[in-house]
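Enquirer: how does the following fold in three dimensions:
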Amino acid sequence: MQSAAFTLSSPSLPLPLLKPRQSPRFDPILLSASKRNDLSTSANVVSAPSWPRRSWSACSSASPLRPWACVPLLASESKPERFELRATSAESADEGEKSSSLSTTLVLGWLFALWFLFNIYFNIYNKQVLKVYPYPVTVTVFQFAVGTVLVILMWALNLYKRPKISGAQLAAIIPLAVVHTLGNLFTNMSLGKVAVSFTHTIKAMEPFFSVILSAMFLGEMPTLWVVASLLPIVGGVGLASMTEASFNWAGFWSAMASNLTNQSRNVLSKKVMVKKEESMDNITLFSIITIMSFILSAPVALFMEGIKFTPAYLQSAALNVKELCIRSLLAALCFHAYQQVSYMILQRVSPVTHSVGNCVKRVVVIVSSVLFFRTPVSPINSLGTGVALAGVFLYSRVKRIKPKVKTT
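Expert: Here you go, the predicted structure:
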């Protein structure tokens, strides 16, 4: 028994159980680089320099007693973690898009509400001023002057970037400024002669002039659906005009001239194009047009109506100077504000959506003015106004229908 015990403890005999610890096949680097994970035979063991990829990060332990602790996870075991991370990032991206879409919708809703509100107050204050101060050219110049001051303050306080205007841009903007000035002047002339509701009923015929001018100068022939939508507009305006209590030809033709000049501005903006590298945004364009309109209309007011805005003249006309000045200022502020907001909306939505909003705005203005001024409206007059506005809405919808291209 002693001889057997001596034989087992003799160092001359090999100890096979200790060899696997010194064998290279248990090297954790080789284990992490092996694709087959075959640890049963030594034939598959390759020296470390022959492997192009190694997983050093998986072997953070230096203990020789736990070589299996640094063996990395299999690819099948790590997939759920990667899938979880990707799903989380996708969900967070969806939540970010939803919150961004919600905020954009809220901002757009506020802009539409402000557009309607400023337009209502402009028409009310403007009508009150023109009833006691029948000088529409002077009133128009004052509104452009207030807008010019606001634009200069906006640029001076860096609320909006001040543009650099080239000579080519000025040459292209001058015709737009001329028709913009005439459009607002004719609107004020009409508001001074007839009821606010009737003026805006006539101004519902803007699509009619837009179609005619686009066909004449741009070669854009209307589709059958567009022509059909114009019939209720023309018929409704005619029906409302025949039954309007405040009807007179001066107010009627002034509103018609306003339609013509406003739509001429839209056609000119397409006809007179500035180079793309020199183009400007809508707010900047409106700001420049406002300043140019003031410069163009001031001499005309002095020539046509003279100096009718001095305190001495206002007092001699038995007018409440303070009340007149306050309402004139409020009307001018609302005038500039609603046009500014209108251009801000136009930068965020398509022209068709803006046209639909303009139709809704006209309905709101007509209803609010009738309620505020207690304008007498007959059932036939209401029917004509409703038919005209329905035609405007139909026109804005059928404009989306594009004519089919004929294939040869």
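
Enquirer: quick one: Ile174 from Ile289, how far?
Expert: 10 Å (CB to CB, to the nearest Å). All C-beta spots, glycine's among them, are computed from the backbone N, C-alpha and C.

Enquirer: the two - which one has more neighbours?
Expert: Set Ile174 next to Ile289 and count neighbours by other CB atoms under 10 Å: Ile289 wins out with 23 against 13.

Enquirer: what's the strand or helix carrying the more buried one packed up against?
Expert: Here Ile289, judged by DSSP states H and E, is contained in helix 282-304. For helix 282-304, the packing partners by 3 or more CB pairs under 8 Å, 6 or more residues apart in numbering; DSSP states H and E come out as helix 136-156, helix 167-193, helix 321-346.

Enquirer: the last one - contacts with which helices or strands?
Expert: So that's helix 321-346. Using 3+ CB pairs under 8 Å, 6+ apart, helix 321-346 sits against helix 75-132, helix 136-156, helix 282-304, helix 311-316, helix 351-373.

Enquirer: before we move on, back to that, next, format the helices and strands packed on helix 282-304 as JSON lines and append mean pLDDT and distance to Gly235.
Expert: Conversion of the helices and strands packed on helix 282-304 to JSON lines gives the following (pLDDT from 0 to 100; distance: least, CB to CB, whole Å):
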{"stretch": "helix 136-156", "mean pLDDT": "95", "distance to Gly235": "29"}
{"stretch": "helix 167-193", "mean pLDDT": "91", "distance to Gly235": "21"}
{"stretch": "helix 321-346", "mean pLDDT": "91", "distance to Gly235": "28"}
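
Enquirer: of these, which is nearest Met280?
Expert: helix 167-193 (7.1 Å; CB to CB).

Enquirer: list the buried ones in the closest one?
Expert: Neighbour counts over helix 167-193 (16 or more other CB atoms under 10 Å) mark 169, 172-173, 176-193 as buried.

Enquirer: just stretch 367-385 next, same as before
Expert: Ser368, Ser369, Val370, Phe373, Thr375, Val377, Asn381, Ser382, Gly384, Thr385.

Enquirer: list just the nearest of those residues to Ile307.
Expert: Nearest to Ile307 among these, with distances taken as CB to CB, is Phe373, at 30.2 Å.

Enquirer: my guess is the closest one contacts Lys131. True?
Expert: No. Using CB atoms under 8 Å, Phe373 is not in contact with Lys131; the gap is 9.7 Å.

Enquirer: quick one, what contacts Ile289?
Expert: Residues near Ile289 by CB atoms under 8 Å, 6 or more residues apart in numbering: Ile173, Leu176, Ala177, His180.

Enquirer: 10 Å instead, please
Expert: Applying CB atoms under 10 Å, 6 or more residues apart in numbering to Ile289 gives the contacts 144, 147, 151, 173-174, 176-181, 265, 339.

Enquirer: go on, Gly238?
Expert: Met205, Gly384, Val387, Ala388.

Enquirer: ok, it to Lys193 distance?
Expert: From Gly238 over to Lys193 the distance is 19 Å, taken as CB to CB.

Enquirer: where does the prediction get shaky in the stretch 151-300 of the chain?
Expert: 270-279 (pLDDT under 70).

Enquirer: could you rerun that using 90?
Expert: Applying pLDDT under 90 to the stretch 151-300 of the chain picks out residues 158-173, 175-176, 203-227, 229-230, 241-248, 262-286.

Enquirer: with the stretch 301-408 of the chain instead?
Expert: 305-322, 340, 342-363, 374-378, 392-393, 395-408.

Enquirer: mind redoing it with 70?
Expert: Applying pLDDT under 70 to the stretch 301-408 of the chain flags the ranges 402-408.

Enquirer: helices and strands around the strand or helix carrying Asn259, which ones?
Expert: Assigned by DSSP H and E, Asn259 belongs to helix 249-271. Under the contact definition 3 or more CB pairs under 10 Å, 6 or more residues apart in numbering; DSSP states H and E, helix 249-271 sits against helix 167-193, helix 196-202, helix 206-213, helix 224-242, helix 282-304.

Enquirer: tell me which of these sits nearest to Ser254.
Expert: Closest to Ser254 of these is helix 167-193 (CB to CB; 3.8 Å).

Enquirer: just how off-centre is the closest one within its chain?
Expert: 24 Å (CA atoms, centre = their mean, to the nearest Å).

Enquirer: check stretch 323-335 too.
Expert: The answer for stretch 323-335 is 28 Å, by CA atoms, centre = their mean.

Enquirer: and the contacts of that stretch?
Expert: For stretch 323-335, contacts defined as CB under 10 Å, 6+ apart pick out 117-130, 132-133, 138-140, 142-147, 149-150, 184, 187-188, 290, 309, 311, 314, 317, 319-320.

Enquirer: please determine how far Ser342 is located from Trp155.
Expert: 20 Å.

Enquirer: neighbour count: those two, which is higher?
Expert: Taking other CB under 10 Å, Ser342 and Trp155 do not tie; Ser342 has more neighbours (21 against 15).

Enquirer: sweet, I'm off.
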